[in-house]
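1. Next one to model:
(2 chains)
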2 protein chains.
Amino acid sequence: MGITLHDYWRSSASYRVRIALGLKGLGWTSAPVDLRTRENRAPAHLKRNPQGLVPVLDIDGHRLTQSLAIIEYLDETRPAPPLLPADPTERARLRAVAHAVAMEIAPVNNLSVVAHVEDLTGSAQARPDWMRHFMLPGLHAVEALLDHPATGPFCHGAAPGLADICVVPQVYNAERWQIPLDRMPRIRAVAAACAAVPAFVAAHPDRARPAV
Amino acid sequence: MGITLHDYWRSSASYRVRIALGLKGLGWTSAPVDLRTRENRAPAHLKRNPQGLVPVLDIDGHRLTQSLAIIEYLDETRPAPPLLPADPTERARLRAVAHAVAMEIAPVNNLSVVAHVEDLTGSAQARPDWMRHFMLPGLHAVEALLDHPATGPFCHGAAPGLADICVVPQVYNAERWQIPLDRMPRIRAVAAACAAVPAFVAAHPDRARPAV
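-> Numbers count the residues shown, from 1 in each chain, chains lettered A, B, ... in the order given. Down below sits the predicted model:
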């Protein structure tokens, strides 16, 4: 029984799950859901996930939703290599960094949110302004969280884990919106360390983008 | 060594941690941080959490941030009663419901986000409109996720857990913004079941509100 990932190449949450699958050494089939044509709101996808979101992962005879719930599942069912450390305090620190991205920055910069802001303001400039307004201080806070003795080449020590999985897609998004990362050396160092890891390379949106 | 919770009575994330502490039977001291006077952006609080967010929990000699990371820590260090089931698939389902609230609905309806929308539009009506625009479909999706054989009186079976801890503060917020829940019988049933549990009662914002 194979693993199928219903994803969208540019979705941060999809990108996170692609990285995690790669780090776990799992093969999968991608079943793209095009957010631009609102395929995610079509009955076929709403049946998979009533939230109308990607990613959705079909694995082990189950259908899972929500990127971080999926990644925790992968880590619980395939413990090696671990995506979270063993110690509860370290786990809490790692999850706090991950959630600082996934619960604070990413949801507010979601496509559906900025599209609504553009509708409300009637201004095309509203979108980049909104991105910058929330992403810049959000990333500065993550940078401050990384000012911690446990930060190694990766967010937590010498191997990539859940926090890196969240930070890298956020950095991709920040670069896309030209958010300056020059005052965030720790985030840039983490992104550089991850860029040398095959699972991160393979999961990149440019690789996941369907051929036109 | 006692437990100190830096919280704000009306913050959903603080409310979640208060419920979890109560379910675990832990006593704690509240150290309120007033979001209305921007005490959360003052140096004293930024030193606790560079994100400038509540809650922050001082426990076991550690300082923890991010509500769901804190709750997972509590569950890992104080396993009884469990806030997540033992089976990975069930854990994934429970986390998906929790994250559907905590990663999709709550961040977008955050005080700092709606305040910015109000600034952008210059309209006082923007705030309730925004709340409704995102909270209503978000909660309908949660209602659909609860259309599942594992849903019991609580989100997952016969005891309250991480999902209920997220749903109840969201229902409080929905009622505050007069979001109609009449077509969400499962969410209302969960909220009613939780309202009979002392830890949920004790954590309610009205109880946590400091006397003026």
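2. quick one, domains of chain A?
-> Domains of chain A are assigned by automatic domain parsing as A:4-81+A:201-208, A:88-197.
3. can you list the ones you listed in TSV and add distance to chain B and mean pLDDT?
-> C-betas here are computed from N, CA, C, even on glycine. Compiled in TSV, these are given as follows (distance: least, C-beta to the nearest C-beta, whole Å; pLDDT from 0 to 100):
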stretch	distance to chain B	mean pLDDT
domain A:4-81+A:201-208	3	96
domain A:88-197	3	96
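4. Next, format those as JSON lines and append mean neighbour count.
-> Putting the domains of chain A into JSON lines (neighbours: other C-beta atoms under 10 Å in any protein chain shown) gives the following:
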{"stretch": "domain A:4-81+A:201-208", "mean neighbour count": "19"}
{"stretch": "domain A:88-197", "mean neighbour count": "19"}
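5. which residues of chain A fall in strands?
-> For chain A, the strands defined by DSSP state E cover A:4-7, A:29-32, A:56-59, A:62-65.
6. can I get the ones you listed in TSV with distance to B:Val33?
-> Below are the strands of chain A laid out as TSV (distance: least, C-beta to C-beta, whole Å):
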stretch	distance to B:Val33
strand A:4-7	38
strand A:29-32	44
strand A:56-59	38
strand A:62-65	33
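7. Go ahead and name everything in contact with stretch A:188-197.
-> Residues from elsewhere that reach stretch A:188-197 (C-beta atoms under 8 Å, 6 or more residues apart in numbering or on different chains): A:23, A:146, A:151, A:153-155, A:160, A:164, A:167-168, A:171, A:181, A:200-201.
8. Which residue ranges of chain A form helices?
-> In chain A, the helices defined using DSSP state H lie at A:12-23, A:43-48, A:67-77, A:88-99, A:111-121, A:126-145, A:162-176, A:185-194, A:198-203, A:205-208.
9. hey, C-alpha coordinates of stretch A:30-44 in CSV?
-> The C-alpha trace of stretch A:30-44 is given here as CSV (Å, rounded to 0.1, in the frame of the first residue of the first chain):
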residue,chain,number,x,y,z
SER,A,30,2.0,13.2,-5.4
ALA,A,31,-1.6,13.9,-6.3
PRO,A,32,-1.6,17.7,-7.0
VAL,A,33,-4.5,19.9,-5.9
ASP,A,34,-4.4,23.2,-7.7
LEU,A,35,-5.2,26.0,-5.3
ARG,A,36,-5.2,28.6,-8.1
THR,A,37,-8.2,27.0,-9.8
ARG,A,38,-9.8,26.3,-6.4
GLU,A,39,-9.6,22.6,-6.9
ASN,A,40,-9.3,22.4,-3.1
ARG,A,41,-12.9,23.7,-2.8
ALA,A,42,-14.3,21.1,-5.2
PRO,A,43,-16.4,18.2,-3.8
ALA,A,44,-13.6,15.6,-4.5
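10. So A:Val33 versus A:Arg10, what's the distance?
-> Noted for A:Val33: a distance of 12 Å to A:Arg10, by C-beta to C-beta, to the nearest Å.
11. scratch that, A:Ala196
-> 23 Å.
12. Is it correct that A:Pro160 is in contact with A:Phe154?
-> Yes - using C-beta atoms under 8 Å, A:Pro160 is in contact with A:Phe154, at 4.9 Å.
13. re earlier: need the max-distance pair from the contacts of stretch A:188-197.
-> A:Leu23 and A:Leu181 (23.4 Å; C-beta to C-beta).
14. okay, which residue of chain A is out on the far edge from center?
-> Farthest-out residue of chain A from its mean C-alpha position, per C-alpha atoms, centre = their mean: A:Gly122, at 29.0 Å.
15. Next up, phi/psi of that residue, please.
-> Here is the backbone geometry of A:Gly122 (degrees, to the nearest 10): phi 70, psi 20.
16. which residues does A:Ile3 contact?
-> Counting by C-beta under 8 Å, 6+ apart, A:Ile3 makes contact with A:Leu21, A:Leu26, A:Gly27, A:Trp28, A:Thr29, A:Leu57, A:Asp58, A:Ile59.
17. thinking again about what came up before, spit out the residues that contact A:Val33 and A:Arg10 alike.
-> Common neighbours of A:Val33 and A:Arg10, counting by C-beta under 8 Å, 6+ apart, are absent.
18. ok, now how distant is the closest residue to A:Leu145 other than its chain neighbours from A:His62?
-> Distances taken as C-beta to C-beta, 6 or more residues apart in numbering or on different chains put A:Val97 closest to A:Leu145, at 5.3 Å, once the chain neighbours are dropped. To A:His62, A:Val97 is 28 Å away according to C-beta to C-beta.
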